[in-house]
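Colleague: starting from these lines, generate the structure:
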Amino acid sequence: MSSTASSFPERIELSGEGLVLRDWTEADLAAMPELFDHPDIAYWTPIVTPFDETAARTRLDRARQLRADGTAILLAITLDGGAPLGEVMLRRAPEGTELGYAVGPAHRGQALAARAVRVMAGYAFEELGADQVILELEAENAASVTVAAKAGFQLLDVPLITGQEKGRPYSLQTWGLSRP
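Modeller: Numbers count the residues shown, from 1 in each chain. Model prediction:
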């Protein structure tokens, strides 16, 4: 898919795998700190820490701007369209259509991330015409490696992506899932 792909729809709701992935709303602002203000999320993701009400507002505004720019989609992971349990992201990047996720600590152990990633991958294949979706994660992040494997991704034989985030170095593996 080229970087000149058309913009994303203004509203998105995806269902599958016992989940409803929906747009973040103003009503979710109070729940976001409980989901994202956690040491694991602070360590493994670029999500800001501490994550408070101001950070929630900034994230909601940024999600809307990224959608409008045609760069990324950030959706709340829910069971029924109600309370958010985490987030799944689709980003158009030079290296491909990248997915990402974060699940609130109180909601882990239910395969929410793997299910949400499969639903979002289906959207990327069916609606965006992607040939492959990728996950970029650290090998030491055992939970994310498990998610990648459960979602059907394979470790790709490509160079590691290295950098620094929040004052610590990282080295990301690229996992891929090809169009069925």
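Colleague: quick one: buried residues of the strand ranked longest in the chain?
Modeller: Determined from DSSP state E, the single longest strand within the chain is strand 168-178. For strand 168-178, burial by neighbour count (16 or more other CB atoms under 10 Å) applies to 170, 173-177. To be clear about C-beta, it is placed using only N, CA and C from the backbone, and glycine gets the same treatment.
Colleague: within the sheet, what are the partner strands of it, with directions?
Modeller: Strand pairing for strand 168-178, determined by DSSP bridges: strand 132-138 (antiparallel), strand 154-155 (antiparallel), strand 161-165 (antiparallel).
Colleague: any buried residues in the helix or strand harbouring Arg67, and which?
Modeller: In the assignment (DSSP states H and E), Arg67 maps to helix 53-69. For helix 53-69, burial by neighbour count (16+ other CB under 10 Å) applies to 55-56, 59-60, 63, 66-67.
Colleague: any chance of the residues you listed in TSV, plus pLDDT and distance to Val119?
Modeller: TSV is the format used below for these (pLDDT from 0 to 100; distance: CB to CB, whole Å):
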residue	pLDDT	distance to Val119
Ala55	96	26
Ala56	97	24
Arg59	96	21
Leu60	97	21
Ala63	95	18
Leu66	95	19
Arg67	95	17
